[in-house]
Each structure stands twice: as C-alpha cells, then as structure tokens.
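Visitor: fold the following and give me the result.
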Amino acid sequence: MAKNKVGTMASLTLDGNPFQAVGEFGLNACQLVSWNPKTWAGTDPKSLRRKADKAGVSVAACWVGYPGPAVWDFIQGPFTLGLVPPEFRKIRLDALKIGADFAAAFGAPAIITHCGFIPDACAGAAYRETLVAIYEIAAYCADKKIGFWFETGQETPITLLRVIEDLGIPGVGINLDPANLILYGMGNPVDSLDVFGKYVRCIHAKDGVYPTNGRQLGHETKVGDGKVNFPVLAKKLAELGFTGDYIIEREISGDQQKKDIAVTVNYLRKLIASV
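Guide: Below is the predicted model:
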C-alpha cells in the first residue's frame, strides 16, 4: 500500500503561487487555506490547478474560513466561532459555499472548516439549530461531489461522532488536528480514534500541550515536543487503514516556522516509513 504523503498548509492569495513554498520544503502535497471568501471567488480554479499540476503538488483539501469575529479562547470562543453563533450563520454559510464552489471546480476532494463549540446537549435547541446549519453546507458539498470535513478541536470526540451520525450525508469526514484536541482540553487524540477513527480523512501534523487555566487554550509546540504522541497515533492510523495525508501546520511565522516545518518533514517521513 502506498505510504501517506507529507504536505504543508499553503495560503491562497490573489497575487501569488501557493505551491512555491510547498516545493521549497521538498513536498508534493498541501491544503489550500484562506479565510477570505473574496480570495476563493477571485481565483481562477482551472488556472490554479494547472499551476499545481506543473509543480507536481496535490491538494488534499481546501481549508475554508469565514468572516466575522473569531476569538480563540474558552470565554468568547463559543459565541464567535463557526456555525454555532446564530447571528453569523448566514454569512458564514455563504462563505463556505463559495469555498466549496472553488474546491469542486479545482478538483479538490473536500473543504474543511471549524464548526465551532458544538453543544454536547443533543436534545437542546442550540444543538438542533447548529446541526441544521452544518447539514446545509454538508449537503451543498455532497451535491458538488466533494466532501465536507470537520476540523477537530472545539467539540468532544463523542459530540463530533454524534453530529456525523445525525447528518447522515455521504462525504462527511474529519480532518484530525490532534493538537487541537489537546489545546482545547477536549480529549486525547490517540484515544479519539477509538471513537471516530473510521471518519478521519486527513491529518494536521501539529503538536501542543493542555490548557493550564479555564480561560485560555493550551499552546502549540513543534511536532514531537507536545503531548500528541505521534508514533502511537501514526501506528493506530495505519491499523485503521488510513490513506490520507499528513499536512504540517505550524502556527507561528518567520524563520522559526520554516525551521520547524523542515524538521517535521524529516520526522514524519521516517515515522510513516516505520509503521
């Protein structure tokens, strides 16, 4: 069986080539990412696909963000992130659909996003209304023959499993960010595979440590320096028959980001070869 590809995040802009940076790391896979719907709408997907093919880079998915406030903590996060806050649902659904249009025309297999702090109480109105919103974008993607993948982090594994089961839509899957489960204190990423492992389609290779207070997230680290335990995670993914890509996400900037990505590329290649 072919080994999983190692890739990195590639920022989509209106005036650049996102695949250049991917090649500089000696990689041939990426996720395209933008939080601006105007960028997705203003980029010619066919032209960009030709650039990807010329560079020999495959796109594992399009990571689609959305407008409106986004506070990455435990206090304002539940009221600002994803499709949970009702006042932002329409503009965010519209933005996600623009990203889905691009992904389908480009030929990417799926879009990915954070859906927010999905309530655990599945019998409540907040859960049902959030589910309806997620169903709308997941069904839109299904109609376009692409997948809709949840980025993990702001919900517990069992809540995410319940949402996928309640949606009942083909093509719904998970982009497992193991660090996010730790940063948000939502679960152990290795153990999470016992809950939703069959739905994992792609991995964010990111690491981190648990929160140490009730207001702020834990902090990200270089892969191998946090609590994820990538050797065990990779072994378990292999046992599940995981065939997706490991996409490196290092959410810092500058020279240190480049150094950490380069080190992680070598680390992951050796790890994948060993499982």
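
Visitor: for Ile134, which residues are in contact?
Guide: Contacts for Ile134 were tallied using CB atoms under 8 Å, 6 or more residues apart in numbering; they are 83, 115, 163, 167. Heads up, the C-betas are built off the backbone N, CA and C, glycines and all.

Visitor: quick check, the first one in a strand?
Guide: No: using DSSP: H, G, I helix; E, B strand; the rest coil, the secondary structure at Leu83 is coil, not a strand.

Visitor: how near is the nearest residue to Glu155 once chain neighbours are set aside to Glu220?
Guide: Spatial nearest neighbour of Glu155, chain neighbours left out: Ile118 (4.3 Å); criterion: CB to CB, 6 or more residues apart in numbering. As defined by CB to CB, to the nearest Å, Ile118 lies at a distance of 22 Å from Glu220.

Visitor: so Ile252 is in contact with Ile261, correct?
Guide: No: counting by CB atoms under 8 Å, Ile252 stays clear of Ile261, with 10.0 Å between them.

Visitor: look at the two and report which has more neighbours.
Guide: Neighbours per residue (other CB atoms under 10 Å) separate Ile252 from Ile261, with Ile261 holding more: 22 against 12.

Visitor: which stretches of the stretch 1-150 of the chain form strands?
Guide: Secondary structure of the stretch 1-150 of the chain (DSSP state E, counting those that start in this stretch): strands at 6-11, 29-34, 58-64, 110-113, 147-151.

Visitor: between the ones you listed, which one is nearest to Ile98?
Guide: Closest to Ile98 of the strands of the stretch 1-150 of the chain is strand 58-64 (CB to CB; 8.0 Å).

Visitor: put the alpha carbons of stretch 222-235 into PDB.
Guide: Backbone C-alpha positions of stretch 222-235 (Å, rounded to 0.1, in the frame of the first residue of the first chain) are rendered in PDB as follows:
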ATOM      1  CA  LYS A 222       6.800  21.800  17.300                       C
ATOM      2  CA  VAL A 223       5.800  18.300  16.400                       C
ATOM      3  CA  GLY A 224       7.400  15.900  18.900                       C
ATOM      4  CA  ASP A 225       7.600  18.500  21.700                       C
ATOM      5  CA  GLY A 226       4.000  18.300  22.800                       C
ATOM      6  CA  LYS A 227       1.500  15.700  24.200                       C
ATOM      7  CA  VAL A 228       0.200  14.200  20.900                       C
ATOM      8  CA  ASN A 229       2.400  11.100  20.900                       C
ATOM      9  CA  PHE A 230       2.800  10.900  17.100                       C
ATOM     10  CA  PRO A 231       4.400   7.400  17.000                       C
ATOM     11  CA  VAL A 232       1.400   5.800  18.700                       C
ATOM     12  CA  LEU A 233      -1.100   8.000  16.700                       C
ATOM     13  CA  ALA A 234       0.600   7.000  13.300                       C
ATOM     14  CA  LYS A 235       0.600   3.300  14.200                       C
END
